[in-house]
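[1] Provided below are the primary sequence and the corresponding predicted coordinates.
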Amino acid sequence: MKPRFLALGALAASTLLACGVSLAQTKWDLPTAYPATNFHTENITQFAKDVDTATGGKLKISVHANASLFKAPEIKRAVQSSQAQAGEILLANYANENPLYALDGVPFVAASYPEARRLYDASKPAMEKLLAAQGIKLLFSVPWAPQGIFTKREINSVGDLRGIKWRAYSPATAKIAELIGAQPVQIQQAELSAAMATGVIESYMSSGSTGYDTKTYEHIKNFYDTQAWIPKNAVLVNLKAFNALEPATQAALLKTAAEAETRGWKVAEEKNAEYKRLLTERGMKIHKPSAKLDADMRQVGAVMQADWLKVAGPDGAAILDAYKAKK
């Protein structure tokens, strides 16, 4: 009988141990709107793996790509309301909530990676404060490539875009449509390929990355490399979910997030040239904007920057002043 009792005791102990491991493990969902093959998603997937390793398996993050869990406009609200513990958003998409979200989407404020980094550093304290007031913590942020114009027909000036069916995926791109006289159509990235195939849109502003991921080259053959702005994605976490983690797990998460941010900025810059090469190989013409088109777009940017300063007020002006002081 004694061996049997020993066996039962061992079984009970192993069961309790298994339960203890289960109870100690935290699982998070992290939705993103972009395909699994996009460099942002690849970076986040690596981040999730690194978190698993760094926390000894105590924090498991499941990445849900391509708007499979929540659509792009729903992700921030999902994180705020604890429907998802974490998520990735395009900051400029939330310009209507607060002008701070719009800053890196204002044309020609920051048009190179060093400028984009300085703008990020200048605006980050205010961004963290804003997000904290909404129950969210910023984990890390990674830029896209500089934004250009994809269009079916060749163009020489903004006048050539009047009346064109233009993809508007954020307040900034909708405002550009208004200023250039285009017809804005609200289309998120997951719907972009179908919109081009069916003629719902004929033009849009985005990066070479988006052009490649959505196979834009199958429908649109011209890309004007205006380098108008460098928007950023942000990976956010619900503040309550973060605070519920034990201190050692929090520290490991933040360290891994900092590593993901450094890696993401490096990859973004490397990928910019690669995506333009891939687009060219698939029949896309990469154009340097004419002097007229460049001047027209910079005029659009000047109007939008003035509008931004009006709504952002003294706090916004202080951020821009701090950014410009570092140039």
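    Looks like it arrived, so ask away. Residues are numbered from 1 along each chain as shown.

[2] Quick check: phi and psi at Gln186.
    phi -80, psi 110 (degrees, to the nearest 10).

[3] Run a quick neighbour tally on the residue nearest to it when sequence neighbours are not counted.
    Distance criterion Cβ to Cβ, 6 or more residues apart in numbering; nearest residue to Gln186, sequence neighbours excluded, is Ala168 at 5.6 Å. For glycine as for every other residue, the C-beta is placed from the backbone atoms N, C-alpha and C. The tally of other residues near Ala168 (other Cβ atoms under 10 Å) stands at 21.

[4] which residues touch Val109?
    By Cβ atoms under 8 Å, 6 or more residues apart in numbering, the contact set of Val109 is 103, 115, 119, 229, 301, 305, 320, 323.

[5] For those, give me TSV that also has distance to Pro314 and neighbour count.
    Output for these, formatted as TSV (distance: Cβ to Cβ, whole Å; neighbours: other Cβ atoms under 10 Å):
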residue	distance to Pro314	neighbour count
Leu103	15	30
Glu115	23	17
Leu119	18	25
Trp229	23	26
Gly301	22	20
Gln305	16	16
Leu320	11	19
Tyr323	15	19
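
[6] Which two among those residues are spaced furthest apart?
    Distance extremes for these: the farthest pair is Gly301 and Tyr323 at 15.1 Å, using Cβ to Cβ.

[7] wait, which of the contacts of Val109 is closest to Asp29?
    Of all the contacts of Val109, Leu103 has the smallest distance to Asp29: 28.5 Å, by Cβ to Cβ.

[8] and the residue lying closest to the closest one once chain neighbours are set aside, helix, strand or coil?
    Nearest residue to Leu103 in three dimensions, chain neighbours excluded: Ser123, at 5.8 Å (Cβ to Cβ, 6+ apart). At Ser123 the chain is in helix, as set by DSSP: H, G, I helix; E, B strand; the rest coil.

[9] Was I right to think Ser123 contacts Tyr101?
    No: counting by Cβ atoms under 8 Å, Ser123 stays clear of Tyr101, with 9.9 Å between them.

[10] more neighbours, these two?
    Using other Cβ under 10 Å, the more surrounded residue of Ser123 and Tyr101 is Tyr101, with 25 against 22.

[11] element containing the residue most central in space within the chain, please.
    Residue closest to the mean C-alpha point of the chain, counted by Cα atoms, centre = their mean, is Asn233 at 2.2 Å. Secondary-structure assignment from DSSP states H and E places Asn233 in strand 232-238.

[12] Not counting its own residues, what contacts that strand?
    Residues outside strand 232-238 that contact it (Cβ under 8 Å, 6+ apart) are 28, 30, 40, 44, 47, 76, 79-80, 82, 84-91, 104, 116, 120, 131, 135-144, 257, 260.

[13] re the thing from before, which residues touch the residue nearest to Gln186?
    Counting by Cβ under 8 Å, 6+ apart, Ala168 touches 174, 177, 184-187.

[14] residues touching the closest residue to His64 other than its chain neighbours, list them.
    Nearest non-adjacent residue to His64, counting by Cβ to Cβ, 6+ apart: Pro31, 4.5 Å away. Neighbour list for Pro31: 64, 67-70, 75, 78, 84, 87-88 [criterion: Cβ under 8 Å, 6+ apart].

[15] do the same with Lys124
    By Cβ under 8 Å, 6+ apart, Lys124 lies in contact with Leu138.

[16] Below-threshold pLDDT in this protein: ranges please.
    Judged against pLDDT under 70, the low-scoring parts of the chain cover residues 1-23.

[17] gap between the residue nearest to Gln186 and Leu179?
    Separation of Ala168 from Leu179 (Cβ to Cβ, to the nearest Å): 12 Å.

[18] next one: Gly148
    In this view, Gly148 and Leu179 are 17 Å apart by Cβ to Cβ.

[19] Could you check which of those two has the larger neighbour count?
    For Gly148 versus Leu179, neighbours defined as other Cβ under 10 Å are more numerous around Gly148 (24 against 18).

[20] which residues does that one bridge with?
    Ser206 (DSSP bridges).

[21] quick one: it and Ser209 touch, right?
    No: look at Gly148 against Ser209 with Cβ under 8 Å: they stay out of range, at 11.1 Å.

[22] Any idea how many residues pack against the closest residue to Lys58 other than its chain neighbours?
    Leaving aside its sequence neighbours, Lys58 sits nearest to Thr249 (Cβ to Cβ, 6+ apart; 5.4 Å). Residues lying near Thr249 (other Cβ under 10 Å) number 19.

[23] what sits against Thr249?
    Counted by Cβ under 8 Å, 6+ apart, Thr249 has contacts 26, 55, 58-59.
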